[in-house]
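1. Quick one, fold the following:
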Amino acid sequence: MEDSHVHSSESLSISELARRCQVSTRSLRYYEEQGLLFPARNAAGHRRYQARDADCVGFIQRLYGAGLPSDLIRTVVQEWKLPDSAPRIEALLRTRHAELSLEAEELHAKLTGLEAVLNAVTGDS
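-> Take a look at the predicted model:
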């Protein structure tokens, strides 16, 4: 949902976008380095963002928060910008979910094994 005072042609500085998205300017620069954001540059060479970039930053934040690696986030964000991308994004995220589920099972097995060794060392049963 777009704020009534936000216009699609609105241009934001890096500090304005950071404040709007509640992220650091360093994060925005990192997202640009990772190929996730593509700000325009003004005549002085300063980054200029569109208001819609705030939605993209929010999406990127959620993906990082979910523990996705940068390369997968890049792929998902590229897809997100395309029409009718939901099925492709869903497939990417479901694949990652399956990978993490397998890793969780492997970690659980290792914890169980470690607990057995600890019990043997301490004499607990």
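2. so what does the longest strand belonging to the chain touch, helix or strand wise?
-> In the chain, taking DSSP state E as the definition, the longest strand is strand 47-50. Contact analysis of strand 47-50 by 3 or more Cβ pairs under 8 Å, 6 or more residues apart in numbering; DSSP states H and E lists strand 11-12, helix 14-21, strand 40-41 as its packing neighbours. (Glycine included, C-beta is placed from N, CA and C.)
3. Name the surrounding residues that touch the last one.
-> With contacts defined as Cβ atoms under 8 Å, 6 or more residues apart in numbering, strand 40-41 is touched by 11, 47-50.
4. May I see the buried residues of the helix or strand encompassing T112?
-> Assigned by DSSP states H and E, T112 falls within helix 86-122. Across helix 86-122, burial judged by 16 or more other Cβ atoms under 10 Å covers 92, 96.
5. now that helix, how far from the centre of its chain.
-> 21 Å (Cα atoms, centre = their mean, to the nearest Å).
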